[in-house]
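Undergrad: can't give you the sequence, but here's the structure:
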């Protein structure tokens with residue numbers, strides 16, 4: 001029987017972290033908690049340059065001695081995803097942790113009401129960024145003999161919910177992709193886990209989902225089910241920090257819901 005490989009799980013002080021969707025919500029909260037935990041090289045990815053610079057300054061305010069980059073781009077597009085990873089790697093020297101914190105811009109709606117031309121962009125906007133970014137960082141992490149990837153999907157991947165036929169299918173794709181990648185990447189010391197939140201208060205997505213229409217009615221029903229409290233970006237960020245840390249060095253291929261009791265499993 002072969003000996004287990006020696007996995008390189010670096011302390012945060014030796015890690016470079018790339019956060020896609022790092023300029024607001026869960027991504028921003030994760031960046032702050034990571035630098036509070038000792039990370040000193042971090043790159044935030046977003047599409048809006050002004051918002052990106054504001055986010056960079058927020059992280060720097062929390063850790064003035066950190067190297068904080070903003071890389072502008074759309075990680076759903078192959079050419080831009082390649083450039084994002086190249087710029088982040090060149091600027092930080094390595095990529096040891098990848099957090100994919102983007103979950104698309106579409107709100108739940110029954111399939112009967114979704115225009116057929118929207119189905120493809122809904123799926124692509126949800127699944128492309130995490131798949132492309134994982135593909136691009138894998139060889140960089142393998143060369144370093146270790147790494148951590150945390151993807152974010154949704155409870156819609158686990159719980160059949162009216163209005164989330166297409167979104168649920170896309171979120172399920174992220175979950176199966178992440179779990180399968182965990183089995184492939186473990187030979188290189190790379191851990192892959194995925195979080196599946198339900199409603200997250202205090203994010204642009206939550207505000208959009210609760211604004212009006214079918215989505216607002218759906219989340220009005222879901223919210224009281226979170227009897228332990230509706231999750232916040234900080235709740236998700238705390239778990240992401242743990243999954244990226246040496247404390248989670250033996251944890252991979254897991255799908256974890258942070259939802260205050262909305263669902264189990």
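TA: Received the coordinates, thanks. Since we're looking at a predicted model, the values are computed, not measured.

Undergrad: what's the helix or strand for residue 180?
TA: Element membership of residue 180 [criterion: DSSP states H and E] is helix 165-185.

Undergrad: off-centre distance for that helix?
TA: The chain centroid and the centroid of helix 165-185 are separated by 13 Å, computed with C-alpha atoms, centre = their mean, to the nearest Å.

Undergrad: now do the buried residues in it.
TA: 165-175, 177-179, 181-182, 185 (16 or more other C-beta atoms under 10 Å). All C-beta spots, glycine's among them, are computed from the backbone N, C-alpha and C.

Undergrad: same question for stretch 137-152.
TA: Within stretch 137-152, the residues that count as buried by 16+ other C-beta under 10 Å are 137-138, 140-141, 144, 146-152.

Undergrad: same thing with stretch 85-95?
TA: For stretch 85-95, the neighbour count (16+ other C-beta under 10 Å) marks 85, 87-89, 92, 94-95 as buried.

Undergrad: for the protein, what spans make up the helices?
TA: With DSSP state H, the ranges of helices along the chain come out as 25-36, 49-62, 78-92, 116-143, 165-185, 204-209, 213-222, 233-244.

Undergrad: out of these, which gets nearest to residue 252?
TA: Residue 252 sits nearest to helix 165-185 of all the helices of the chain, at 4.5 Å, using C-beta to C-beta.

Undergrad: right, and residue 245 touches residue 12 too?
TA: Yes. Taking C-beta atoms under 8 Å as the definition, residue 245 is a contact partner of residue 12 at 6.8 Å.

Undergrad: mutual contacts of these two, please.
TA: Common neighbours of residue 245 and residue 12, using C-beta atoms under 8 Å, 6 or more residues apart in numbering, are residue 37.

Undergrad: mind putting the helices of the chain in TSV, distance to residue 198 and mean pLDDT included?
TA: Shown next, in TSV, are those (distance: least, C-beta to C-beta, whole Å; pLDDT from 0 to 100):
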stretch	distance to residue 198	mean pLDDT
helix 25-36	13	97
helix 49-62	25	97
helix 78-92	28	98
helix 116-143	16	96
helix 165-185	11	96
helix 204-209	10	65
helix 213-222	6	70
helix 233-244	11	97
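
Undergrad: got CSV for those helices, with distance to residue 159 too?
TA: What follows is these, written out as CSV (distance: least, C-beta to C-beta, whole Å):
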stretch, distance to residue 159
helix 25-36, 20
helix 49-62, 32
helix 78-92, 30
helix 116-143, 16
helix 165-185, 8
helix 204-209, 16
helix 213-222, 10
helix 233-244, 18
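
Undergrad: so for residue 18, which of those sits nearest?
TA: helix 78-92 (5.0 Å).

Undergrad: quick one, what contacts the closest residue to residue 157 other than its chain neighbours?
TA: In space, and not counting its chain neighbours, residue 157 is closest to residue 171: 3.8 Å by C-beta to C-beta, 6 or more residues apart in numbering. Neighbour list for residue 171: 103, 126, 153-154, 156-157, 164, 196 [criterion: C-beta under 8 Å, 6+ apart].
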